[in-house]
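Asks: 3D, please:
(2 chains)
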Amino acid sequence: MSGKLSALFKNWQAELHNDVMPYFLVLAVIFFTTGIIHLVGADSNMAVIPMFYVLAVQAVAYFLGRGPALYASLAAFPIFDWFFVPPIHDLHVDDPYEFVTLCVFVVTALIVGQLTALARSREGEARHHEITSAALAEASWTVASELDTNAALKRVLGLLARLDSFEQAAILLPEGEEGYSIWSAYPAERQKSIEKDIDKRAFKYAFTSARPIGLDDSPHWHKAVAVASDKLEIYLPILTDERVLAVLYVQMRMYKSLSADERRILESMVHYLTVVVERDRLVKAEARTQALREADRLKTALLQMVSHDFRSPLASIKSSVSCLYEEGGAPLDDETKHSLLNAIESDTDRLNKMVGNLLDLSRLESHTWEPIRENIPIEELVGATLDSFGSEENKRIEVTLDPNLKFVWVDSVQIVQVLRNLLENALKYSPKDKTVELRTIRKPDAVVIEVLDQGEGLPKSDENKIFDPFFRAAEHRESFVRGVGLGLTVSRALVEAHGGQLKAYNRETHGAIFRVVLPPAPPENALSETS
Amino acid sequence: MKSGMKVLVIDDEPQIRRALRVGLEKFDYRVLLASTGEEGLDLAASESPDAVILDLAIPGIDGFEVCRQLREWSHIPIIVLSVRDSEDSKVRALEMGADDYVTKPFGLRELVARINAVLRRTSGEQAPEQTYFSCDGLLIDFIKRTVTIDGKEVHLTPKEYDLLKYMATHADRVLTHGQLLTKIWGPEYVQDHHTLRVHVANLRNKIEKQPERPRYIHTETRVGYRLRTGEPVA
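Replies: All right, here's what the predicted structure looks like:
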């Protein structure tokens, strides 16, 4: 209540300031002129005196406008008469000639005053017009030239500052059910305080009804926002095709209706903002479409490769089973039967692994398999990995653990899978009588786990392609060594999900190194390493 | 293993039921088949099988519920069939009383090895309480509270000893993190997996020759630990 009262009081003060003050000023000017006339001794020459007053009226007209000019002319008349027309200090005029002089003076003062004021206001209008058109031109240039959305928004908002009583502005986006977020604010450093001034309901009204608030005196804005403020708050929807994209919020220093000019500028700026926001939306939609198209292309390629890689074990299983049916032909000996069954089992294992990898890859791509990190003792991680290999394979795996590395901050399921894939790969590509090595290295800023093999190394030109889905080195493509398609692709994706890197290099001697580099545990998780 | 043990298979896939029947009968088991949880519970009550093989994903009342209801009145060993990457459901099933799990697709040899292990265990549990545990060079004397490896005594902290003893008395069983923490530290520590990991790491350093290739205490990633007495069957 008191807020409203004080707002009213301030309004009244402002009106007083605007409407009454000039008239006191006019009286002061006229008396001041009278004093000057006395001082320079011009009062002896009746022809010169009116000149002074006309000059004063003209000055009043120039600086204060038509109303005060009229008032000045009328006020100068009795003062002129009182002080200078004989009988002095009397409003009575003796000489009819003097009376004519007085009348001519009043008419001249009126005409000159009004003309000056008119010229002045035309000049003001022209200048205002110039500022307005300059601002609009700049806005249109900004929109056309500034392709960065945030910069463009900031600059267009900055142009609003040329409005006389502009205080602050912001562009608001809806967030959640009820809230909003500030996309851009001007002045940017006042974003926090601007946020406090914004009325959530006003934003919601402007956004959902697509109608402006505060642009005119329409009653819905008073209803929607009971602003107890001496400032004018404006909410303008930025809309295209009946769809509201955002809301422009503007605060003016003083509480009064906007002039037609100001309204025009605001409306134009909203148009420019619409262009910027709409362009941003389209660019983003385009990027999304592009990404989708790319994903689609990858999926098609993947599907082709998958169907190829799935078909070969299936074909092998099918033919083995047909053989085992023994329909016609000579009966199979036990050894042959056994080898056929072995082939079926290893092919089903391979298929199972491929399905698993494919599922993992799709889960990783859709971000539904985020790592659940825990502090895992390194022996536990390595132990769980080695456990999944048979004793024959384990004999071929050497392990070297850095005694300074006790814990790793990882999702144990995922990293065990990475290490298993890498070791499987290393065993597969190394000669049967050679060992592979798993080693850990503690670096100041990273945890490194390496898998070294003694195979033929990576194909020279294909070093980075080995992580591509379904890549297999050219010389192995048709050979007896069969890859498990996506193993390395999945491993790399898993390591990257941990914020780490998986890279492959050729060793100086013979074979390849697969290096997993993981970020170290965050310091707050450097838990005690003893019981 | 005496022949003629009754195994109840609860799985909704006819192919799996058929394969398990043929396969297990080859190993001298008598096989009972159920395709739903309700049917399985009825058969378990009327036929009192020696072990249950239970698929977690069955229509009607699910595997977890079957597990829970079975455990209300029976200590019959339960082996659950789970799918890959379902550590959470493995943990849940184990904590509801399942004895072990096998991940689909699995080989018959692996399943039979697990059945034999749980049967051996349950028959062992009915035997009089052992005063010691011995396995491949590891000897725990429950009376003197001493642990020796190949005749050499190792010094364990009380918590490490309790942990080892609990795993030894539940040998070949997967013990979930939650179960071990509740048992050794108390229910308020059930979430404190890190404490458990640190103790297991220390324990391994004391009793395993190569902690990264454990002979006794094996890790079931994200599920828990298992003290193995025999070689794993993969």
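
Asks: any stretches of chain B with poor pLDDT?
Replies: Applying pLDDT under 70 to chain B flags residues B:1-3, B:124-128, B:231-234.

Asks: how about a cut-off of 80?
Replies: Confidence mapping of chain B against pLDDT under 80 gives the ranges B:1-4, B:84-85, B:121-130, B:230-234.

Asks: find the residue at the geometric middle of it.
Replies: Taking C-alpha atoms, centre = their mean, the centroid of chain B lies closest to residue B:173, which sits 2.9 Å from it.

Asks: residues contacting that residue?
Replies: Residues near residue B:173 by C-beta atoms under 8 Å, 6 or more residues apart in numbering or on different chains: B:99-100, B:121, B:226. C-beta: built from backbone N, CA, C; applies to glycine.

Asks: quick check, it in a helix?
Replies: No - secondary structure of residue B:173 (DSSP: H, G, I helix; E, B strand; the rest coil): coil, not part of a helix.

Asks: go through stretch A:87-102 and flag the buried ones.
Replies: Buried residues in stretch A:87-102, counting neighbours by 16 or more other C-beta atoms under 10 Å in any protein chain shown, are found at A:93, A:101-102.

Asks: state the pLDDT value of the closest residue to residue A:65 other than its chain neighbours.
Replies: Nearest residue to residue A:65 in three dimensions, chain neighbours excluded: residue A:117, at 5.3 Å (C-beta to C-beta, 6 or more residues apart in numbering or on different chains). pLDDT, the model's per-residue confidence, is 84 for residue A:117.

Asks: and for the one 3 residues further on?
Replies: Among the per-residue scores, residue A:120 holds a pLDDT of 81.

Asks: does it touch residue A:60 like I think?
Replies: No - Residue A:120 is not in contact with residue A:60 according to C-beta atoms under 8 Å; the separation is 10.6 Å.

Asks: give me the more crowded residue out of the two.
Replies: Using other C-beta atoms under 10 Å in any protein chain shown as the criterion, residue A:120 and residue A:60 rank with residue A:60 on top: 30 against 18.

Asks: can you name the next helix or strand after the helix or strand hosting the more buried one?
Replies: Following DSSP states H and E, one finds residue A:60 within helix A:49-64. Of the helices and strands lying after helix A:49-64 in sequence (DSSP H and E), the nearest is helix A:66-84.

Asks: gap between that next one and the chain center?
Replies: Centroid separation for helix A:66-84 versus its chain: 62 Å, with C-alpha atoms, centre = their mean, to the nearest Å.

Asks: packing partners of that helix?
Replies: helix A:21-40, helix A:49-64, helix A:96-145 (3 or more C-beta pairs under 8 Å, 6 or more residues apart in numbering or on different chains; DSSP states H and E).

Asks: any idea how far residue A:188 is from residue A:234?
Replies: 19 Å (C-beta to C-beta, to the nearest Å).

Asks: more neighbours: which of those two?
Replies: Each of residue A:234 and residue A:188 has its neighbours counted (other C-beta under 10 Å); residue A:234 has more, 22 against 13.

Asks: so what's the more buried one closest to, chain neighbours aside?
Replies: Residue A:234 sits nearest to residue A:214 (C-beta to C-beta, 6+ apart), 3.8 Å away.

Asks: so the one you found touches residue A:237, yeah?
Replies: No - between residue A:214 and residue A:237 there is no contact under C-beta under 8 Å: 12.0 Å.

Asks: neighbour count winner among the two?
Replies: residue A:214 (25 against 22).

Asks: state the helix or strand in which residue B:24 lies.
Replies: Short version: residue B:24 belongs to helix B:14-26, going by DSSP H and E.

Asks: run a quick neighbour tally on residue 144.
Replies: By default, I'm working from chain A. 11.

Asks: can you look at chain B instead?
Replies: 10.

Asks: and residue A:274, by the same measure?
Replies: 18.

Asks: on that earlier part again, can you list contacts of the helix holding residue B:24?
Replies: Contacts of helix B:14-26 (C-beta under 8 Å, 6+ apart): B:7, B:9, B:11, B:31, B:33, B:35, B:53, B:55, B:108, B:111-112, B:115.

Asks: switch to 10 Å and redo it
Replies: B:5, B:7, B:9-11, B:13, B:29-35, B:53, B:55, B:81, B:104-105, B:107-109, B:111-112, B:115 (C-beta atoms under 10 Å, 6 or more residues apart in numbering or on different chains).

Asks: which of those are buried?
Replies: B:5, B:7, B:9-11, B:29-35, B:53, B:55, B:81, B:104, B:111-112, B:115.

Asks: chain A next: which of those residues are close?
Replies: Among the buried ones among the contacts of helix B:14-26, proximity to chain A is found for residue B:104 (C-beta under 10 Å from any C-beta of the partner chain).

Asks: before we move on, back to that, ok, the residue nearest to residue A:65 touching residue A:71?
Replies: No - using C-beta atoms under 10 Å, residue A:117 is not in contact with residue A:71; the gap is 11.4 Å.

Asks: buried set for the top helix by length along chain B?
Replies: Under DSSP state H, the helix in chain B containing the largest number of residues is helix B:108-126. For helix B:108-126, the buried set under the neighbour-count rule, 16+ other C-beta under 10 Å, comprises B:111-121.

Asks: which other helices and strands does that helix contact?
Replies: Counting contacts by 3 or more C-beta pairs under 10 Å, 6 or more residues apart in numbering or on different chains; DSSP states H and E, helix B:108-126 packs against strand B:6-10, helix B:14-26, strand B:51-55, strand B:78-82, strand B:100-103.

Asks: among these, which comes closest to residue B:220?
Replies: strand B:100-103 (9.0 Å; C-beta to C-beta).

Asks: run the chain-centre distance for that closest one.
Replies: 8 Å.

Asks: give the partner strands of it in its sheet and their orientations.
Replies: Its sheet considered, strand B:100-103 pairs with strand B:78-82 (parallel) by DSSP bridges.

Asks: give the buried residues for the strand it pairs with.
Replies: Buried, per 16+ other C-beta under 10 Å, within strand B:78-82: B:78-82.

Asks: mind exporting it as CSV, just the C-alpha atoms?
Replies: Only the C-alpha atoms of strand B:78-82 are listed here, as CSV (Å, rounded to 0.1, in the frame of the first residue of the first chain):
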residue,chain,number,x,y,z
ILE,B,78,18.6,-71.9,-6.0
ILE,B,79,20.6,-71.1,-9.1
VAL,B,80,19.3,-68.2,-11.0
LEU,B,81,19.7,-67.7,-14.8
SER,B,82,20.4,-64.0,-15.5
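
Asks: tell me what angle it forms with strand B:6-10.
Replies: 30 degrees (axes from the mean of the first three to the mean of the last three C-alpha atoms, to 10 degrees).

Asks: how much space between the residue nearest to the centre of chain B and chain A?
Replies: Distance, residue B:173 to chain A, by C-beta to the nearest C-beta, to the nearest Å: 16 Å.

Asks: same deal with residue B:72?
Replies: 32 Å.

Asks: buried stuff in the helix or strand hosting that residue?
Replies: For residue B:72, the host element (DSSP H and E) is helix B:63-73. Across helix B:63-73, burial judged by 16+ other C-beta under 10 Å covers B:63-64, B:66-67, B:69-70.

Asks: show me where the stretch 301-450 of chain A has its helices.
Replies: A:334-365, A:378-387, A:391-395, A:412-429 (DSSP state H, counting those that start in this stretch).

Asks: with adjacent residues omitted, what lies nearest to residue A:195?
Replies: residue A:182 is the one closest to residue A:195 (C-beta to C-beta, 6+ apart), at 6.2 Å.
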